[in-house]
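K.L.:
this is a predicted model, with the sequence first.
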Amino acid sequence: MDASAPQESRFTMALMSLDTVSMRFGAFQALSDLSFAILEGEILGVAGPNGAGKSTLMNVCTGGLAASGGRVIFEEQDITKTGRHRRCGLGIAQTFQIPTLLSSLTVGENLLAGHLFGAEASGRAPAIDLDTAIRTVDLGAALNRPASEADLLTRKRIMLGAALATGPKILFMDEPLGGLNADEIDILLDTVRRVRDGLGVTVVMVEHKTRALAEIADRILIINFGRFVMLDRPEVVLNDDHVVEIYLGRKHDA
Ligand SMILES: Nc1ncnc2c1ncn2[C@@H]1O[C@H](COP(=O)(O)OP(=O)(O)OP(=O)(O)O)[C@@H](O)[C@H]1O
Ligand SMILES: [Mg+2]
């Protein structure tokens, strides 16, 4: 790959695509007619105001929710009605805003649980071996510690490590930087870079911290009121008048 090539030519193949996806909760339309592709190997940032539908979009991609309309395609297969467990087996993983850990277990056992879950869901050994997952999130020295005693950054690493241990091709992260200080944000962003550059995992990161997102993302998708606003390179998106207006007066860049 030519590092000097323009960014838009680096990623070309769609790994997952959404075709006019909508999501209703009763009468409330949380997502409307969303169509876009997630390109293999990219880090795609997703931003938008509170309540824009970012977490809903993520869940429609990972199987936490089944879209009310439209289609979700992964590796040319229609997975719109496929449940979360089977999507995990296909190579789709997710981390949450609030770290979900097995707190009665050790750090290492949490990652092992991810490995076993991935093996069970796919019916074979996960594509990322356990040692690689441990190394990627830098938890080799903490494996025997109780997960319940971990600080916030470590809890996030454990959740990320467990998600990687399932062996994903694509990883969705919902506001991974929340609650971290500037140094911790740098550490986590480096880890996410390792996930993409070292393991080849495509990453979709929902994040309010747009400065950090601009630093790491190849492209940024903006949604508002459940609708597509823009998808382009960070410098284009974050300098767009309409996007700036959407965010105006909102505390989005802390
Ligand atoms: N299970 C649900 N039932 C009813 N309404 C829901 C449900 N989940 C989300 N919503 C609504 O859908 C809209 C989008 O919510 P969502 O959580 O996807 O937004 P978000 O962009 O992730 O917001 P935030 O930045 O606060 O995390 C909100 O108005 C929310 O109240
Ligand atoms: Mg959310």
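P.N.:
Received, thanks. Ligands and ions are numbered 1, 2, ... in the order given.
K.L.:
rest of the way, CA atoms for contacts and neighbours
P.N.:
Noted.
K.L.:
read off the pLDDT value for the residue of the chain most remote from its centre.
P.N.:
Computed with CA atoms, centre = their mean, the residue of the chain farthest from its C-alpha average is Ala27, at 27.8 Å. Looking at Ala27, its pLDDT is 95.
K.L.:
and it, how far is that from ligand 1?
P.N.:
Distance of Ala27 to ligand 1, computed by CA to the nearest ligand atom, to the nearest Å: 9 Å.
K.L.:
with Leu164 instead?
P.N.:
When CA to the nearest ligand atom is applied, the distance between Leu164 and ligand 1 equals 22 Å.
K.L.:
from ligand 1, how far out is the most centrally placed residue in the chain?
P.N.:
Computing the C-alpha centroid of the chain and ranking residues by CA atoms, centre = their mean puts Phe172 first, at 1.9 Å. Applying CA to the nearest ligand atom, one obtains 13 Å for the distance of Phe172 from ligand 1.
K.L.:
my reading is that that residue lies in a helix. Confirm?
P.N.:
No. With DSSP: H, G, I helix; E, B strand; the rest coil as the criterion, Phe172 is assigned strand and is not in a helix.
K.L.:
the residue farthest from the centre of the chain and Phe36: what is the separation?
P.N.:
Here the criterion is CA to CA, to the nearest Å. By it, Ala27 lies 24 Å from Phe36.
K.L.:
now do Ser103
P.N.:
To Phe36, Ser103 is 37 Å away according to CA to CA.
K.L.:
now Gln97
P.N.:
Relative to Phe36, Gln97 is positioned 23 Å away (CA to CA).
K.L.:
what sits opposite the residue nearest to the centre of the chain in the beta ladder?
P.N.:
Gln94, Val204 (DSSP bridges).
K.L.:
need the pLDDT of it.
P.N.:
Residue-level confidence at Phe172 comes out at 98, pLDDT.
K.L.:
surely it touches Gly91?
P.N.:
No. The pair Phe172 and Gly91 does not pass the contact test of CA atoms under 8 Å, sitting 11.1 Å apart.
K.L.:
ok so, going back, distance-wise, check the residue farthest from the centre of the chain relative to Lys54.
P.N.:
With distances defined as CA to CA, the gap from Ala27 to Lys54 amounts to 19 Å.
K.L.:
same check, this time on Pro146
P.N.:
Using CA to CA, one gets 32 Å for the distance from Pro146 to Lys54.
K.L.:
the stretch 51-200 of the chain: strands as residue ranges?
P.N.:
Taking DSSP state E, counting those that start in this stretch to define them, one finds strands in the stretch 51-200 of the chain at 69-74, 77-78, 92-95, 170-174.
K.L.:
out of those, which gets nearest to Met159?
P.N.:
Checking those against Met159 by CA to CA gives strand 92-95 as the closest, at 6.5 Å.
K.L.:
which residues does the residue nearest to Ala127 when sequence neighbours are not counted contact?
P.N.:
Leaving aside its sequence neighbours, Ala127 sits nearest to Gly167 (CA to CA, 6 or more residues apart in numbering; 4.6 Å). If a contact means CA atoms under 8 Å, 6 or more residues apart in numbering, then Gly167 has Gly91, His115, Gly118, Pro126, Ala127, Ile128, Asp129 as its contacts.
K.L.:
for these, which one is nearest Val192?
P.N.:
Sorting the contacts of Gly167 by how near they are to Val192, with CA to CA, puts Ile128 at the top with 15.0 Å.
K.L.:
so the closest one makes contact with Leu164?
P.N.:
Yes. Between Ile128 and Leu164 there is a contact at 6.9 Å, judged by CA under 8 Å.
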